[in-house]
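Participant: sharing a model that was predicted from the sequence below.
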Amino acid sequence: MEKYITTPITEKTVSELKAGDYVYITGTIYTARDAAHKRLYEALQQGEELPIHLENNTLYYLGPSPAREGQVIGSAGPTTSSRMDKYTPLLLKQGLKGMIGKGKRSPEVIEAMHENHAVYFAAIGGAGALLSKCIKKAEVVAYEDLGTEAIRKLEVENLPVIVVIDEQKNNLYERH
């Protein structure tokens, strides 16, 4: 089923998304890869305030290539999500509702998604140039020293993703 959603993502929206749905996301999302996840995780463990608000937000596991002249962002394809798994349950407890990446997630992440009413989307790997056309604005908002892995605030329009794991733990990767 095709669905169009606008961020921030509410629990009601999450409850309406099912594994296999084709979804087009419009609104604000944030990028974060391994190094940024590690810093967010450590900040939470030390009781520090995070540089971005996670509640009802979506993280795209993305480290874009540099933008060419006249472009908002370079190639914007997803990275492998499992590299974020050790940090993800704690971020979900902060109210994170959506994650965009590629590949499988650990049983611990899937359980944390269920407990915290979150959804995991896959973006098509290898289609970064095409996906970048859905990004209308990009700005670094935290951890600038990480370069391509800095946290960016993105304004997206009809970013195409697929619900791979919904809040009920239905998982496209495990269907036969």
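Facilitator: Here it is on my side, so go on.

Participant: counting contacts, what elements does the longest helix seen in the chain pack onto?
Facilitator: Identified as the longest helix of the chain according to DSSP state H is helix 34-45. When contacts are defined as 3 or more CB pairs under 8 Å, 6 or more residues apart in numbering; DSSP states H and E, helix 34-45 sits against helix 88-93. C-beta coordinates here come from the backbone N, C-alpha and C atoms, glycine included.

Participant: report the angle between the axes of the longest strand along the chain and helix 34-45?
Facilitator: As assigned by DSSP state E, the longest strand anywhere in the chain is strand 151-165. Here strand 151-165 runs at an angle of 90 degrees relative to helix 34-45 (axes from the mean of the first three to the mean of the last three CA atoms, to 10 degrees).

Participant: report the buried residues of strand 151-165.
Facilitator: 151-156, 159-165 (16 or more other CB atoms under 10 Å).

Participant: in its sheet, which strands sit next to the helix or strand that the longest helix of the chain is followed by, and in what direction?
Facilitator: Counting by DSSP states H and E, the element after helix 34-45 in chain order, helix or strand, is strand 58-60. Applying DSSP bridges to the sheet, strand 58-60 is found paired with strand 22-31 (parallel), strand 98-101 (parallel).
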